[in-house]
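# sequence and computational prediction follow.
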Amino acid sequence: MELRIQNLSKRYPNGTQALADVTLTVKPGMFGLLGPNGAGKSTLMRTLATLQEADSGSATLGEINVLRDKDAVRQVLGYLPQDFGLYPKVAAEDLLEHLATLKGIRNAKERKQVVAALLQQTNLHAARKKPLGSFSGGMRQRFGIAQALLGNPRLLIVDEPTAGLDPEERVRFHNLLSEIGRDVIVILSTHIVSDVHELCAQMAVMNGGRVLLTGEPQAVISQL
Ligand code: ADP
Ligand code: ADP
């Protein structure tokens, strides 16, 4: 399955051209979206996540028309937004179980299995009874990945996930994403060149709503 974005444009009501003719093909694996603040990365990601409308252009994920078939996209999408909020008093395991119910996993035994597997995968098993408010930044981001993976997405979108993580947590988080990227299309937005260099097989550089360069990180980064 490939994600194909063609001539996607978006202007906000205040006149900001956040996306200008964005054309990209994203293959399975890790795809890095590199660009400074204001480049349009979040706008692109929110559009792909069906949370906002584009003005023109198209996007398809396999057979799915991303801009029209929102329900179909949501079936196969995992999304970790930049401003991922948590319920500080709720235990990690309880929130994950609740979100699993909302995702439609109605069978209690199956739900427990899914949640336990995600807590293992994100290395949060030992902290599963702790309130989310007690989590470190890295733990919060890993929890964000756990919730995004509910329902086995084919496309995982993560918006600036490593901002504010200490080096050790960054490595841990990178390892988690690499593992996921073996099965799923992962789009990682970041303003940190080394995030893309270390993790991604393909990348694009955005600025001012435009895609400036796209290709393999080694080739692209050498042109920066
Ligand atoms: P990012 O860190 O990805 O650039 P922003 O800080 O620009 O994100 O945006 C945070 C939130 O504020 C988003 O929901 C975005 O839609 C909104 N926002 C950003 N810039 C503006 C703006 N100029 N006018 C109105 N809302 C904005
Ligand atoms: P990035 O994620 O790369 O930082 P964004 O997509 O958040 O970029 O923002 C792209 C541009 O659009 C910025 O100039 C930002 O201020 C503006 N912007 C983002 N959200 C809004 C909004 N809701 N209303 C108006 N302008 C916005």
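Everything's here; your move. Ligands and ions are numbered 1, 2, ... in the order given.
# ligand 1 contacts on the chain?
Within the chain, the positions lying close to ligand 1 (C-beta under 6 Å from any ligand atom) are Asn14, Thr16, Asn37, Gly38, Ser42, Gln82. C-betas here are computed from N, CA, C, even on glycine.
# I'd like those residues as JSON lines, with pLDDT, distance to ligand 2 and neighbour count appended.
JSON lines is the format used below for the residues of the chain next to ligand 1 (pLDDT from 0 to 100; distance: C-beta to the nearest ligand atom, whole Å; neighbours: other C-beta atoms under 10 Å):
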{"residue": "Asn14", "pLDDT": "97", "distance to ligand 2": "5", "neighbour count": "5"}
{"residue": "Thr16", "pLDDT": "97", "distance to ligand 2": "4", "neighbour count": "12"}
{"residue": "Asn37", "pLDDT": "95", "distance to ligand 2": "4", "neighbour count": "8"}
{"residue": "Gly38", "pLDDT": "96", "distance to ligand 2": "4", "neighbour count": "14"}
{"residue": "Ser42", "pLDDT": "96", "distance to ligand 2": "3", "neighbour count": "19"}
{"residue": "Gln82", "pLDDT": "86", "distance to ligand 2": "7", "neighbour count": "14"}
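# residues touching the closest residue to Arg140 other than its chain neighbours, list them.
Excluding the flanking residues, the one nearest Arg140 by C-beta to C-beta, 6 or more residues apart in numbering is Leu86, at 6.5 Å. Listed by C-beta atoms under 8 Å, 6 or more residues apart in numbering, the contact set of Leu86 reads Leu95, Leu132, Gly133, Phe135, Arg140, Phe143.
# Met206 contacts Thr43, doesn't it?
No: using C-beta atoms under 8 Å, Met206 makes no contact with Thr43, being 9.8 Å away.
# neighbour count winner among those two?
Met206 (25 against 22; other C-beta atoms under 10 Å).
# would you say the more buried one is within a strand?
Yes: Met206 forms part of a strand when assessed by DSSP: H, G, I helix; E, B strand; the rest coil.
# contacting residues for it?
By C-beta under 8 Å, 6+ apart, the neighbours of Met206 are Val22, Leu33, Leu34, Gly35, Ala39, Gly40, Lys41, Leu44, Leu212.
# neighbours around the residue nearest to it when sequence neighbours are not counted, how many?
Closest residue to Met206 apart from its sequence neighbours, by C-beta to C-beta, 6+ apart: Gly35 at 3.7 Å. Using other C-beta under 10 Å, the number of residues around Gly35 comes to 22.
# now do Gly35 against Ile157, distance only.
Computed as C-beta to C-beta, to the nearest Å, the Gly35 to Ile157 distance reads 15 Å.
# so the residue nearest to Arg140: helix, strand or coil?
Under three-state DSSP, Leu86 falls in the coil class.
# how near is it to Pro131?
Taking C-beta to C-beta, one finds Leu86 at 9 Å from Pro131.
# before we move on, back to that, among the residues of the chain next to ligand 1, which two are most distant?
Pairwise distances across the residues of the chain next to ligand 1 (C-beta to C-beta) peak at 20.1 Å, for the pair Asn14 and Gln82.
# could I get the contacts of Met206 as CSV with distance to His174?
Formatted as CSV, the contacts of Met206 follow (distance: C-beta to C-beta, whole Å):
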residue, distance to His174
Val22, 26
Leu33, 16
Leu34, 15
Gly35, 19
Ala39, 22
Gly40, 24
Lys41, 18
Leu44, 22
Leu212, 24
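# of the residues you listed, just the buried ones, ChimeraX syntax please.
Buried residues among the contacts of Met206 (16 or more other C-beta atoms under 10 Å), as a ChimeraX selection:
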select :22,33,34,35,39,40,41,44
